[in-house]
Structures are given as structure tokens and as C-alpha cells.
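*Asks:* Compute the structure for the input listed below.
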Amino acid sequence: MSIPSWNILIVDDEPAFRRTLCKSLTVAGHAVEEASSGGEAIDKLAHSSFQFVLLDLNMPGMCGLTTCSVIRSLAPRLGIVILSVREKEQDRIAALNAGADDYLTKPFGLRELVARLHAIARRIQTEHEEASQILRAGEIEMDLHGHSVRRSGEMLHLTPKEFELLAFLMKNEGSPVAHTTLLRTIWGPSYGNESHYLRSFVKTLRKKIEADPAKPAYILTEPRIGYRFANPNGAELHATEELSDAESIE
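*Replies:* From the prediction side, this is the model:
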């Protein structure tokens, strides 16, 4: 398995410490830049992309805590690790409250630092993947991870099968999905010809998510094919999109 290479910004007012840490991280395969103050760090962040900032607390001018807070507001998914000689619990708590992901007391070992960076990278990736489990279209927001659906902020109560059906349609937004595909995906491989069964679920689902179920804006009928999920904020509706469920299915 390949070892990830990161872009890292070291922020510390001690040149000797920066040089030593920079050399060690560079030898380990990472791209490293240095900043001697909070202001310089923020300027570099505005012009370069980093995965991590290694930040000292004791710096002249803008202190480490303020720098941490500003960086966090500018880059919510950036990994921030405080490297400080301060050992008191209150300092650790203050740093974490300011937005730091971790706190390491000087002196420290390079292997421990890198291990902590790996842990932060995994957590950030996991949070990003979980965040991507939110589907949105128009006034509909679907949380696949939390298993909830809201319309204009109001919670909708869907049955498990209704939830699965809506999720599958939303994941395939803009593309017609055949009746047999929906039936076999949601209800199992033994299904495929129960068009009346599917129509009944779509009708109920429309009542829950559509402002006007008779003129659906989300779940649209594709004659003789199936259904298509549309984003009302996206492309214009086709003329066939308001056909009722009474349309024959072949």
C-alpha cells in the first residue's frame, strides 16, 4: 500500500525547530513550507493548498490560539496539530476549543507525529464520506446515513421501502429507471412484473414529498419505461413528466 504524501505548513517562530522538523518531514516524502508567524501562515494558506498545519502556541503578534481559530474558519477540513511546550490540561482544552484536531507536547518523536497525522487524515476522510451521504434536490434533503428525509426542513415519515425507493431514484437523478429495475432492486430478484405494486408505492411517496401529487415535480413518469427523479432547480421539465400513474406500463 502506498504511503500518502502531504503538503504541510509548519508555523513556529523558532527557526531551528522549523528547520529540523522540515528536514525530517521532507525526508519522509512530504512537501513542507514554513511560516514564522500567524499572519504569515494565513497569507500562505490563501495562496497554497495544505493538508496539515503544525502550529506553535507561543508566537509574537497573533498568538497560536487566535491563529488556530482563524485557520479553522478559513479551512474547515484542514488538519491542525498544535506543537507546544505547554503541558497543562487547560492549554490542551483551549487549543481543541479553538479548532485544533490534536495537541502534541514538545519534544516529540517524528513517528508519533506522523501517526497522529494519519489518524486525523482518516477521520477527515470518513467525515467527508459521511457528508456525501446527504442527497438534495429542490426542497428535499435525504440523509442516507441518518435514514431521514426532510422537505423544506420538515421531517417526512417514510416506510423502509419508500425510503429505499426514493434513495434509488435520487441517486439516479435525471435518468429514467425501468419498472423492472426498481422492483428487482428494492423488492428482490423475484419481482419484475408487479407494475401495480410499484405504482401504489410511487403514488404514496408522491403524496409525501410532492407539493401537488397530481402534478409531480420530483418523481416523474416515463411512459412505458418507468420513473425519473428530477431536480426542480435543475433542467426544465419535459412535457411527459406530468403524466399520471394511470399511464399504462408495458
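
*Asks:* Please make it C-alpha for all contacts and neighbour counts, starting now.
*Replies:* OK.

*Asks:* State the distance from Ile124 to Trp6.
*Replies:* As defined by C-alpha to C-alpha, to the nearest Å, Ile124 lies at a distance of 14 Å from Trp6.

*Asks:* let me redo that: Leu104
*Replies:* To Trp6, Leu104 is 19 Å away according to C-alpha to C-alpha.

*Asks:* Tell me which of these two has more neighbours.
*Replies:* Leu104 (20 against 17; other C-alpha atoms under 10 Å).

*Asks:* what pLDDT does the more buried one get?
*Replies:* At Leu104, the model reports a pLDDT of 95.

*Asks:* Name the next helix or strand downstream of the helix or strand hosting it, please.
*Replies:* Taking DSSP states H and E as the definition, Leu104 sits inside strand 102-105. Downstream of strand 102-105, the first helix or strand assigned by DSSP H and E is helix 110-131.

*Asks:* For that next one, C-alpha coordinates in PDB please.
*Replies:* Once non-C-alpha atoms are left out, helix 110-131 reads as follows in PDB (Å, rounded to 0.1, in the frame of the first residue of the first chain):
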ATOM      1  CA  LEU A 110       8.500  12.000  14.400                       C
ATOM      2  CA  ARG A 111       6.800   8.600  14.300                       C
ATOM      3  CA  GLU A 112       4.200   9.700  16.800                       C
ATOM      4  CA  LEU A 113       3.600  12.900  14.900                       C
ATOM      5  CA  VAL A 114       3.100  11.100  11.600                       C
ATOM      6  CA  ALA A 115       0.800   8.500  13.300                       C
ATOM      7  CA  ARG A 116      -1.400  11.300  14.600                       C
ATOM      8  CA  LEU A 117      -1.500  12.900  11.100                       C
ATOM      9  CA  HIS A 118      -2.600   9.600   9.700                       C
ATOM     10  CA  ALA A 119      -5.400   9.300  12.300                       C
ATOM     11  CA  ILE A 120      -6.600  12.900  11.500                       C
ATOM     12  CA  ALA A 121      -6.500  12.100   7.800                       C
ATOM     13  CA  ARG A 122      -8.600   9.000   8.300                       C
ATOM     14  CA  ARG A 123     -11.200  10.900  10.400                       C
ATOM     15  CA  ILE A 124     -11.400  13.800   7.900                       C
ATOM     16  CA  GLN A 125     -11.900  11.300   5.000                       C
ATOM     17  CA  THR A 126     -14.600   9.400   7.000                       C
ATOM     18  CA  GLU A 127     -16.400  12.700   7.800                       C
ATOM     19  CA  HIS A 128     -16.200  13.700   4.100                       C
ATOM     20  CA  GLU A 129     -17.700  10.300   3.000                       C
ATOM     21  CA  GLU A 130     -20.500  10.600   5.600                       C
ATOM     22  CA  ALA A 131     -21.200  14.100   4.400                       C
END
